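> quick one, fold the following:
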Amino acid sequence: MSPMTSAKLTNKRCMCPTCKEVFSTLSNFDRHRVGTHGERVCVAPSSTGMEIKHGSNGTWWGMPGRTEE
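As a prediction, this is how the structure comes out:
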């Protein structure tokens, strides 16, 4: 996975400290992490149904059909 273009971490946005991907919400961040506590790993956001979103304040991963600016 490659880090997304910088996005302002406003509203509910968060960045994964491991892979540096930016997500529209905490639940989307959680969706891309698998495993038990202490052994969690990142999976490709696209494999969880997320898609890349673009806005005036950057690029992030979010669920299809939702607009999060």
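> from residue 21, how far off is the closest residue to residue 41 other than its chain neighbours?
Distances taken as C-beta to C-beta, 6 or more residues apart in numbering place residue 35 nearest to residue 41, at 5.5 Å, with adjacent residues excluded. No exception for glycine: its C-beta is placed from N, CA and C like everyone else's. In this view, residue 35 and residue 21 are 17 Å apart by C-beta to C-beta, to the nearest Å.
> next one: phi and psi at residue 64?
Per-residue torsions, residue 64: phi -60, psi 150 (degrees, to the nearest 10).
> can you map out the helices along this structure?
26-31 (DSSP state H).
> residue closest to the middle of it?
In the chain, the residue lying closest to the centroid (C-alpha atoms, centre = their mean) is residue 23, at 2.5 Å.
> and the pLDDT for the residue nearest to residue 41?
At residue 35, the model reports a pLDDT of 93.
> right, and it touches residue 18 too?
No: between residue 35 and residue 18 there is no contact under C-beta atoms under 8 Å: 11.7 Å.
> what residues do the two have in common as contacts?
Shared contacts of residue 35 and residue 18 (C-beta atoms under 8 Å, 6 or more residues apart in numbering): residue 41.
> quick one, phi psi at the most far-flung residue of the chain relative to its centre?
In the chain, the residue that sits farthest from the middle, by C-alpha atoms, centre = their mean, is residue 38; the gap is 19.9 Å. Torsion angles at residue 38 (phi, psi; degrees, to the nearest 10) stand at phi 90, psi -20.
> where do the strands of this protein begin and end?
For the chain, strands defined by DSSP state E occupy the ranges 14-15, 22-23, 33-34, 41-42, 51-55, 58-62.
> now, of the ones you listed, which is deepest in the fold?
strand 22-23 (a mean of 26; mean count of other C-beta atoms under 10 Å).
> work out the gap between stretch 44-64 and the centre of the chain.
When distances are taken as C-alpha atoms, centre = their mean, to the nearest Å, stretch 44-64 is centred 6 Å away from the chain's centroid.
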